[in-house]
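[1] heads up, no residue letters with this:
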């Protein structure tokens, strides 16, 4: 095994992932935990980082590049948002060094859209964008990044020029657990599958309704009462409705670049969005979200000169 | 004080209200509690009803007419839904007698829209509709009934021909308490006021976006981070977004009867909807929801012959 050139971490609100990478981006080691910003606020960011690096056998001076909520105001050290339009260079130049540590630790900034009528922010997704930068280096592109807070990003000739957030994952979670729909979905419905007719029908209906999701939510409850809708089907219906609604809403928002999208996602959620984007008639290019964030962190490290440093 | 001719109760999911009325509908006494269907399921519907009637000094054989969730499958005695199209007569004919009691107790049924693509149900609102029946006795009318689950009802020549439910009140509650927006709204934001510019702007923006609410929710969070939006303003923005979105969505759904609406609401929520319907450019006729439900219960009692019985 080659020696690590640096460590890269994606530090989210509720999750933490760290990799040791060599000078060409090979993953030498990986650790994941639920020590996100929320628990790190109590335990201490430096303590958590050192613990994981120690258990991975990393040298005490191995540099670390970090993206995500560690750079939020309520995180470790604030890495102020870079304002749109933003290029990869702007973002990497905005990295903030954490002071007072034995090792070199840098936190990448998020992006801010400071429009009076459509303010928006991201932290973490910008690093995935950096990782897939070659895919939107030219032309007018639309990137779909599904998740708890789905982001849709517009890029022109390699610069991020606009983005918008949909609370799709969070809505699914709170509607299925806290709203009247919990009686329809039950305690642990199976996750929707991309080929499921109920998912696809709900998705198509939502796509046809231009992002108007509100008029369909209670139909799920009524279908339980009047049509004996099963709990797994109720979950598939809610999933199709929210994902279809998000896509329809995003297409309305980014009309100018309609017809194609770059999907950055992983696992089952990626497959659901792929199916939904196909139903919407969009031409889709898929990229893996996990690989994208690592590639973005690698690119930042490369520009910092860390990929050519001699191994310790 | 004249003697009561009968008692009338509106038994909801989480609230219970009962009135003693004389033969011309005068309210002689009123009680409200939180002994809705949920607590009544444990304590017993008959026990709660008798306790309140006893404390109001009602005779043991005073008849009682009830609407709401007491007639649900998981309620006291199921009063099966009346299927659309439904007239006032159909609804009152569908009242179910509670067996085995010393007094005559009837529960009014809800309404069901059994369309394969747009199933929907209501329990309680149909009695408000009965109370305002003269307002939609002729022509093509649209009735807006805001609440936890807002109902919009289409009527033709006095018959209810269609309706749809929006989870507006419930969405406001779970988004403000359970989602990332709780950081923007804080613990106890002031309720929005109908003249508030933030409420009105959010409402107008949502009206212009055709019910596409999803694309606006995260803007509230971003405005807190980038524009120092205050918590009361965040609440007004969420309220305006959801109410404006509901109205835009309802207008899309009931295109054929656009231009006017009958608003059935009470208190502050009624004032907010009135302002929002005005912003939408609709001609509005307002009716008080509390009076409407009592009038509907009175009409049902009248048809049962209870308003002319000799007082006990």
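    Now that the structure is in, tell me what you want to look at. Quick caveat, the model's predicted, so the values are computed rather than measured.

[2] for the rest of this, base every contact and every neighbour count on C-alpha atoms.
    Noted.

[3] how far away is residue A:235 from chain B?
    17 Å (Cα to the nearest Cα, to the nearest Å).

[4] tell me which stretches of chain A form helices.
    A:37-43, A:45-55, A:88-93, A:125-131, A:168-178, A:182-185, A:197-208, A:214-227, A:231-253, A:267-279, A:289-303 (DSSP state H).

[5] is it possible to get JSON lines of those helices that adds mean neighbour count and mean pLDDT?
    Formatted as JSON lines, the helices of chain A follow (neighbours: other Cα atoms under 10 Å in any protein chain shown; pLDDT from 0 to 100):
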{"stretch": "helix A:37-43", "mean neighbour count": "16", "mean pLDDT": "89"}
{"stretch": "helix A:45-55", "mean neighbour count": "14", "mean pLDDT": "96"}
{"stretch": "helix A:88-93", "mean neighbour count": "17", "mean pLDDT": "90"}
{"stretch": "helix A:125-131", "mean neighbour count": "25", "mean pLDDT": "96"}
{"stretch": "helix A:168-178", "mean neighbour count": "19", "mean pLDDT": "95"}
{"stretch": "helix A:182-185", "mean neighbour count": "21", "mean pLDDT": "95"}
{"stretch": "helix A:197-208", "mean neighbour count": "22", "mean pLDDT": "96"}
{"stretch": "helix A:214-227", "mean neighbour count": "22", "mean pLDDT": "95"}
{"stretch": "helix A:231-253", "mean neighbour count": "26", "mean pLDDT": "96"}
{"stretch": "helix A:267-279", "mean neighbour count": "18", "mean pLDDT": "96"}
{"stretch": "helix A:289-303", "mean neighbour count": "22", "mean pLDDT": "96"}
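
[6] now those in TSV, with distance to residue A:161?
    Shown next, in TSV, are those (distance: least, Cα to Cα, whole Å):
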stretch	distance to residue A:161
helix A:37-43	28
helix A:45-55	32
helix A:88-93	12
helix A:125-131	12
helix A:168-178	22
helix A:182-185	39
helix A:197-208	25
helix A:214-227	29
helix A:231-253	13
helix A:267-279	22
helix A:289-303	18
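
[7] for those, which one sits closest to residue B:146?
    Between residue B:146 and the helices of chain A, the tightest spacing by Cα to Cα is seen for helix A:214-227, at 13.8 Å.

[8] wait, residue A:232 touches residue A:183, no?
    No: counting by Cα atoms under 8 Å, residue A:232 does not reach residue A:183; the two are 11.9 Å apart.

[9] please tell me how far the spatially most central residue of chain A sits from chain B.
    By Cα atoms, centre = their mean, chain A has its centre lying nearest to residue A:125, at 5.0 Å. Distance of residue A:125 to chain B, computed by Cα to the nearest Cα: 15 Å.

[10] give the contact list for that residue.
    Residues near residue A:125 by Cα atoms under 8 Å, 6 or more residues apart in numbering or on different chains: A:68, A:110, A:145, A:151, A:293.

[11] in strands, which of these appear?
    A:68, A:145, A:151 (DSSP state E).

[12] burial of the second one, as a residue count?
    The number of residues packed around residue A:145, counting by other Cα atoms under 10 Å in any protein chain shown, is 24.

[13] re the thing from before, looking at the ones in strands among the contacts of residue A:125, spot the one nearest chain B.
    Closest approach to chain B among the ones in strands among the contacts of residue A:125 (Cα to the nearest Cα): residue A:151, at 10.3 Å.

[14] so how many other residues sit close to the residue in the stretch 1-150 of chain A positioned nearest to chain B?
    Taking Cα to the nearest Cα, chain B has its nearest neighbour within the stretch 1-150 of chain A at residue A:120, 4.9 Å off. Residue A:120 is flanked by 24 other residues according to other Cα under 10 Å.

[15] which ones are touching it?
    A:112-114, A:163-165, B:218-219, B:222-223.

[16] hmm, try it at 7 Å
    A:112-114, A:164, B:219, B:222 (Cα atoms under 7 Å, 6 or more residues apart in numbering or on different chains).

[17] coming back round to it: for residue B:192, which of the helices of chain A is the nearest?
    Counting by Cα to Cα, residue B:192 lies closest to helix A:214-227 out of those; the figure is 20.8 Å.

[18] between that closest one and helix A:231-253, how many degrees?
    160 degrees (axes from the mean of the first three to the mean of the last three Cα atoms, to 10 degrees).
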